[in-house]
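Student: Got a predicted structure plus its sequence, pasted below:
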Amino acid sequence: MKPVFNIYAGDMARLGRNWAAAVIVLGLAVLPSLYAWFNIVASWDPYSQTGGLPVAVVNLDQGASFRGTSLNLGNEIVESLRGNTNIGWTFTDEEQAVRGVERGDYYACIIIPGQFSAQLGTILSDNPQKAELIYDVNEKINAVSPKITGKGASGIIEQVSRHFIETANGTIFRIFNEIGIELQNELPTLLKLREIVFKLETLLPDIERAAATAEEDIRKAERIVADIQSRLPAIVKLAKDSEQLAARLADALDSGARAAEAAGPDLLHNLQLLRMTAEAASQMTAALSEGTGTVAADPAALERLSGRLGGAAEAAGSLAALFQRLDGFAGQNRLQAVSSKLVQLQTKLQRQQILLDAARAALVKGEKPAAELIREMERLAREASLLLADLIARYDTDIQPAVTQGLNAAAQAARTALAALQAANASMPNVQAIVADAAAGLAAGSKALQAVNANMPAAAAKIRETADAVRALEQQGSLEELIGLLRHDASKESAFFAEPVVLKENRLYPIPNYGSAMSPFFSTLSLWVGALLLVSLLSVEIHAPGEGIRSHHVYFGRFLTFWTIAVLQSLIVTAGDMLLLGTYVADPAAFVAFGAVISSVFMLIVYTLVSVFGNVGKAMAIVLLVLQLSGSGGTFPIQVTPAFFQAIHPYLPFTYAISLMREAVGGMLPDIVIRDLCLLGVYAALFLIVGIALKEWINKAATRLVKKAKESGLIH
């Protein structure tokens, strides 16, 4: 070991005596930090500066009328963007916007067409049309700006869609509510008319017997006829009022059927959202069963899924109650099966939530969820998915038609009642004449009584026909149930369907800015660059080795010199990140220590390559740097890179160096830190073996080749 330390001590002494060499070495120690610092500052917080990206907005929307309400979504978009500073929105005309995008004055432009509001307003028509926003983007200006401006454009579409869904649903449910209020107000009149018709029907036998009674019962018949005459004015008035009410009821039910048909896609969309939740539960259960994936072992992910299952169970219960009420109008229990399946789905989702909470509790304790629990979760997830698949598959062909037919049947029954009441009203003058004739006949004697007997069957038939029509109407559904269904809170219903699912975000390892998040990558990269600079300017060989100096003595002795400067580089980089730039670091001491370890390993790798292979080793170190820039996952997630880089990712030193620095910046997990340190140690051991075993042999074998290359005068 003495020759090794003699070489190292000699290097340090010569460095101290030669001020020019000391200045160069000091520069080599500082240069890597400048590389890291400039890159970190340049990317400090770019996404908070997007307000400087100019994007043109052109509003050509002419507005429209939606159910009697003026609607101009173009103006609403412009007003909302005026207060939005996330992007540099610029409001101009169409010609200037298009020309500006072509010439690069604007990164993109968004044009709101003239028929934008009118197309959205067709939602309740027979031929609804989708509205379009025209988005022009110049992708040659910058590679990242189209992604940022595209996110802004999609945000506008999402905002408009949410606002319009809430408005349209609110209109539909408001119509239902108005119909329910009108029926509620007229309910006493309807019930009174029903009672009078049925009471008159019960009196018909008495009237018929009185008409057939002999003259000795004429006085009794006169009292009965007098009673009838006293009731007829009220019946006539009620029949006329009921005819008007029945007409309004028929129109209202027609409107309700059309509104229900228009709301069909929203109900189907809710079933599809429930299916997405069921499929997410199925995927999570599969991951738990196979024991793979970081999400499956993440209690926070299980907690979020548990919340989604709870919300889905509540939504399934609400839909079940809705279809249960609609079943009363559809008749023949056509929607009973749908309601039952939604109740089953609610039960399964609630059970899944309980089991998922149990699995999460086990993971929090560090235990593996029971196999029986996972199998039960798999079964429930599979059954829930099958239930939803069946409901979605049958929605357009069976369920929606049944809802519409139920309301149409109610409307048809109302029209039948209207026809019956119209017929009854038309016959009322005849009934009055008959009763008057009966009274005159009773007073005049048997001759008048015969006239009454002749007309009585026709009057009885009309009254019975009216009573039968009322009973048939009641069989189509309860009027009180219809009123209750239609009088739901319109604002709550529309708000639910506009946004049935909300996202609750939990940041596990929050880092305040983008520059701090990128500091592990740029700091690691600068240390490798620093190692390359050292081997480029400093010699890995001894120009005048003494007697007894072996190849491995030179290898270790000169490496100590390189290692000293490399550690100094790491201290300047890591301390400067925190003290000069103010980057966020959860564990500063570990950040500095990990930087020294990484710099030592990188220096050993690069030094060994150059010491063993000479100039070829420098090229190898540069090639390795190029591969690691894309294959380490330092900038983009490795999963979005081509297959080649994903394949080499686990074998690159950068992979574990960047991971180690990220642990210090974001918050450390001991098992990850130990893994990264061990794998970096493996790299160090491999290159030590290469340096010790191959240096002397390869250097001798390459002597003639190097000598010949130097004769060219181009290679040193």
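Tutor: Done, it's in.
Student: residues near Gly83, how many?
Tutor: When neighbours are counted by other Cβ atoms under 10 Å, Gly83 registers 7. Any C-beta I mention is one placed from the backbone N, CA and C, and that applies to glycine too.
Student: What separation do you get for it and Trp89?
Tutor: Look at Gly83 and Trp89: by Cβ to Cβ, to the nearest Å, they are 10 Å apart.
Student: repeat for His269
Tutor: 31 Å.
Student: Same drill for these two, tell me which one is more crowded.
Tutor: Trp89 (21 against 13).
Student: beta partners for the more buried one?
Tutor: Val55 (DSSP bridges).
Student: ok, it - contacts?
Tutor: Neighbouring residues of Trp89 by Cβ atoms under 8 Å, 6 or more residues apart in numbering: Val55, Val57, Leu81, Arg82.
Student: again, only using 6 Å
Tutor: By Cβ atoms under 6 Å, 6 or more residues apart in numbering, the residues touching Trp89 are Val55, Val57, Leu81.
Student: got those as a markdown table, with distance to Leu349 and neighbour count columns?
Tutor: Shown next, in a markdown table, are the contacts of Trp89 (distance: Cβ to Cβ, whole Å; neighbours: other Cβ atoms under 10 Å):
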| residue | distance to Leu349 | neighbour count |
| --- | --- | --- |
| Val55 | 42 | 25 |
| Val57 | 43 | 22 |
| Leu81 | 39 | 22 |
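Student: Can you tell me which of those residues comes closest to Ala389?
Tutor: Relative to Ala389, the closest of the contacts of Trp89 is Leu81; by Cβ to Cβ it sits at 40.7 Å.
Student: How about that closest one, nearest residue that isn't a chain neighbour?
Tutor: Trp89 (4.6 Å; Cβ to Cβ, 6 or more residues apart in numbering).
Student: how far does stretch 90-109 stretch from start to finish?
Tutor: 9 Å (Cα to Cα, to the nearest Å).
Student: And it, what's buried?
Tutor: For stretch 90-109, the neighbour count (16 or more other Cβ atoms under 10 Å) marks Thr90, Thr92, Ala97, Val98, Gly100, Val101, Asp105, Tyr106, Tyr107, Ala108, Cys109 as buried.
Student: same check, this time on stretch 313-324
Tutor: Ala313, Ala315, Ala316, Gly317, Ser318, Leu319, Ala320, Leu322, Phe323, Gln324.
Student: Can you tell me what sits against that stretch?
Tutor: Contacts for stretch 313-324 (Cβ under 6 Å, 6+ apart): Leu335, Val338, Ser339, Leu342, Val343, Leu345, Gln346, Leu349, Gln350.
Student: before we move on, what about stretch 94-101?
Tutor: So stretch 94-101 is contacted by Ala56, Val58, Tyr106, Cys109, Asp136, Asn138 (Cβ under 6 Å, 6+ apart).
Student: what residues go with each domain of this structure?
Tutor: Residue ranges for the domains of the chain, per automatic domain parsing: 2-44+513-710, 52-169, 186-498.
Student: Surely Ile111 forms part of a strand?
Tutor: Yes - membership of Ile111 in a strand is supported by DSSP: H, G, I helix; E, B strand; the rest coil.
Student: correct me, but it touches Val57?
Tutor: No - counting by Cβ atoms under 6 Å, Ile111 stays clear of Val57, with 8.2 Å between them.
Student: following the worst-scoring helix or strand of the chain on mean pLDDT, which helix or strand comes up?
Tutor: Within the chain, no helix or strand scores below helix 490-498, which has a mean of 49 by mean pLDDT, DSSP states H and E. Where DSSP states H and E defines the elements, the next helix or strand beyond helix 490-498 is helix 514-537.
Student: before we move on, the earlier item: would you list the contacts of stretch 313-324 in CSV and tack on secondary structure?
Tutor: Listed next are those as CSV, based on three-state DSSP:
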residue, secondary structure
Leu335, coil
Val338, helix
Ser339, helix
Leu342, helix
Val343, helix
Leu345, helix
Gln346, helix
Leu349, helix
Gln350, helix
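Student: so which of the residues you listed would you say is closest to Val623?
Tutor: Once Cβ to Cβ is applied, the member of the contacts of stretch 313-324 that ends up nearest Val623 is Leu349, at 54.5 Å.
Student: what sits against that closest one?
Tutor: Counted by Cβ under 6 Å, 6+ apart, Leu349 has contacts Leu309, Ala312, Ala313.
Student: Filter those down to the ones in helices?
Tutor: Judged by DSSP state H, the contacts of Leu349 include Leu309, Ala312, Ala313 as members of helices.
Student: how about stretch 371-391: buried residues?
Tutor: When burial is assessed from 16+ other Cβ under 10 Å, stretch 371-391 yields the following buried residues: Leu373, Ile374, Glu376, Met377, Glu378, Leu380, Ala381, Ala384, Ser385, Leu387, Leu388, Leu391.
Student: So which of the residues you listed are in helices?
Tutor: Leu373, Ile374, Glu376, Met377, Glu378, Leu380, Ala381, Ala384, Ser385, Leu387, Leu388, Leu391.
Student: quick one: low-confidence parts of the stretch 1-150 of the chain?
Tutor: 1, 10-11, 46-51, 66-69, 123-126, 141-150 (pLDDT under 70).
Student: Show me the helices in it, by range?
Tutor: 2-17, 19-42, 73-82, 94-103, 116-120, 145-212 (DSSP state H, counting those that start in this stretch).
Student: Let me know the angle separating the first one from helix 19-42.
Tutor: If you take axes from the mean of the first three to the mean of the last three Cα atoms, to 10 degrees, helix 2-17 sits at 90 degrees to helix 19-42.
Student: Now do helix 2-17: which elements does it pack against?
Tutor: On a contact count with 3 or more Cβ pairs under 6 Å, 6 or more residues apart in numbering; DSSP states H and E, helix 2-17 meets helix 551-579.
Student: For stretch 56-63, output the C-alpha coordinates as CSV.
Tutor: Coordinates of the C-alpha atoms in stretch 56-63 are reproduced here as CSV (Å, rounded to 0.1, in the frame of the first residue of the first chain):
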residue,chain,number,x,y,z
ALA,A,56,-55.4,34.1,-29.3
VAL,A,57,-59.2,33.8,-28.6
VAL,A,58,-61.8,34.6,-31.2
ASN,A,59,-65.5,34.8,-30.2
LEU,A,60,-67.9,34.5,-33.2
ASP,A,61,-70.8,33.0,-31.1
GLN,A,62,-74.1,34.7,-32.0
GLY,A,63,-76.0,33.2,-29.1
